[in-house]
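> Have a look; sequence and predicted model below, questions after that.
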Amino acid sequence: MFSTGSTGDVFQQVDQFWSILDDLSQDDPAAYRKFMEKQLKEGAEFCAPPELDSCLCTEILQEPKKGSLYINICSWKRVPAPQDPSMPLPVCAGTLETDTHEGQSWYSVLDVALNPAVLQASKKDKTEVYMLALSFAQQQHGMSLSQQYTVVSCSPKSSPDDVHRRLGFRQWPNTSRQPDTASQNPAALLQQISSLRSEKQHKEPAAQIISRPAEHKKKDLIQVISTTFVQPQKPEYQLEVKTDTVGVAQSMELTVDLPKVCSMSECQLRISKDDVLLEVEDVYYLLLELPKTVIEDTAYAIFNKKTRRLTLRVDVF
């Protein structure tokens, strides 16, 4: 009913419809009520969160990110359904998240969401969906993946809150209890509808929309047709081993220039005895293997707001 645009544009369109619907509410109350209930139902469905459908696990083959990759396949009404089997298949993907298993091996988690109708159609055999997800991870994140995978019950960090966060979903006002539309005037109802639609403009998730060409095409199995997600960049850094007077290594100092960061709270910093990971969501990604084994408990970091530089110090064995 409404085209996309700014909040002001939405309310301008609402004004144009008020007089028409006011007449409709008087001339045909049943049609008026049916129209309003349909609009409110669509708004509520659009606000529904993504739901986890299945999960697969494969291996990341290349260094330094070698480890496991978990891909959560999600069902989400907000992802458009394909209009025709020969048309591209829209998929919404969240941010890639990396962590360690109890301080040991690395793993990454990626969420991909499809329209519920697509998953329902592939309910008996999700092989095509899984291969699409693997191809997307390889293409969009520069990964070298094993083509062998296993379907697992869940991934690490697979709670609804984790999945919602990575996909950029925010809980919107509860629309499950619909008002008595017959007792409201067109202005009040349309303002409620427009608030649902305009909310979309401000809280659309940062994600990719990718597409699958028709099956008879042999190349370009995945094509990015629209994106608001920016691949994080590798920041400038310097790693130095500090020694005592006789040349024995005592500590290690890592300095990282982060000109796009304003606060330490934006950084996710993890250190193990062998490596260190620094992430600033959608902005920076740095994974380093340390030249010396370090004592993790001695690590501390300082962020200088003036120079936008993070300094990490840690003792070595």
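Looks like it arrived, so ask away. Numbering: from 1, shown residues only.
> what ranges do the helices span in this structure?
7-27, 29-47, 116-121, 127-141, 160-167, 186-202 (DSSP state H).
> Can you flag the weakest of those helices by average pLDDT?
Ranked by mean pLDDT, the helices of the chain end with helix 186-202 in last place, scoring a mean of 49.
> can you tell me how far the residue lying closest to Glu51 once chain neighbours are set aside sits from Ala93?
Excluding the flanking residues, the one nearest Glu51 by CB to CB, 6 or more residues apart in numbering is Ser75, at 4.9 Å. Where you see a C-beta, it was placed from the backbone N, CA and C, and this is true even at glycine. Distance, Ser75 to Ala93, by CB to CB, to the nearest Å: 14 Å.
> Same drill for the two, tell me which one is more crowded.
Each of Ser75 and Ala93 has its neighbours counted (other CB atoms under 10 Å); Ala93 has more, 27 against 19.
> Next, work out how far apart the more buried one and Val109 are.
12 Å.
> Likewise for Thr293?
When Thr293 is compared with Val109 (using CB to CB), they lie 27 Å apart.
> Looking at these two, which one has more neighbours?
When Thr293 is set against Val109 and neighbours are counted by other CB under 10 Å, the residue ahead is Val109, at 23 against 13.
> doesn't Asn72 make contact with the more buried one?
Yes - under the criterion of CB atoms under 8 Å, Val109 makes contact with Asn72 at 6.9 Å.
> Beta-bridge partners for Leu110, please?
Beta-bridge partners of Leu110, counted by DSSP bridges, are Ile71.
> same question, the one 4 residues further on
Partner residues in beta bridges with Leu114, using DSSP bridges, are Ser75.
> okay, now it: neighbour count?
27.
> distance of it from Leu69?
18 Å.
> hang on, the earlier thing: distance of the residue nearest to Glu51 from Thr255?
Counting by CB to CB, the gap from Ser75 to Thr255 is 44 Å.
> Might you report the residue contacts of the residue nearest to Pro160 when sequence neighbours are not counted?
Residue nearest to Pro160 in three dimensions, not counting chain neighbours: Pro49, with 6.9 Å by CB to CB, 6+ apart. Pro49 sits next to Trp76, Pro160, His164, Phe169, Gln171 when contact means CB atoms under 8 Å, 6 or more residues apart in numbering.
> shouldn't the fourth one be in contact with Ala48?
No - judged on CB under 8 Å, Phe169 makes no contact with Ala48 at a distance of 9.5 Å.
> Domains in this structure, by residue range?
Domain assignment for the chain, taken from automatic domain parsing, gives 1-229, 237-315.
> Mind telling me which of those domains the model trusts least?
domain 1-229 (a mean of 71).
> could you dump stretch 293-301 to PDB, C-alpha only?
Taking C-alpha atoms only, stretch 293-301 is exported to PDB below (Å, rounded to 0.1, in the frame of the first residue of the first chain):
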ATOM      1  CA  THR A 293      53.400 -18.200  24.100                       C
ATOM      2  CA  VAL A 294      51.800 -15.700  26.500                       C
ATOM      3  CA  ILE A 295      50.300 -15.800  29.900                       C
ATOM      4  CA  GLU A 296      46.600 -14.800  29.200                       C
ATOM      5  CA  ASP A 297      45.800 -13.700  32.700                       C
ATOM      6  CA  THR A 298      48.400 -11.000  32.600                       C
ATOM      7  CA  ALA A 299      47.000  -9.300  29.500                       C
ATOM      8  CA  TYR A 300      45.600  -5.700  29.800                       C
ATOM      9  CA  ALA A 301      44.600  -3.200  27.200                       C
END
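> in it, what counts as buried?
Val294, Ala299, Ala301 (16 or more other CB atoms under 10 Å).
> same deal with stretch 102-121?
So, applying 16+ other CB under 10 Å, buried residues of stretch 102-121: 106-116, 118-119.
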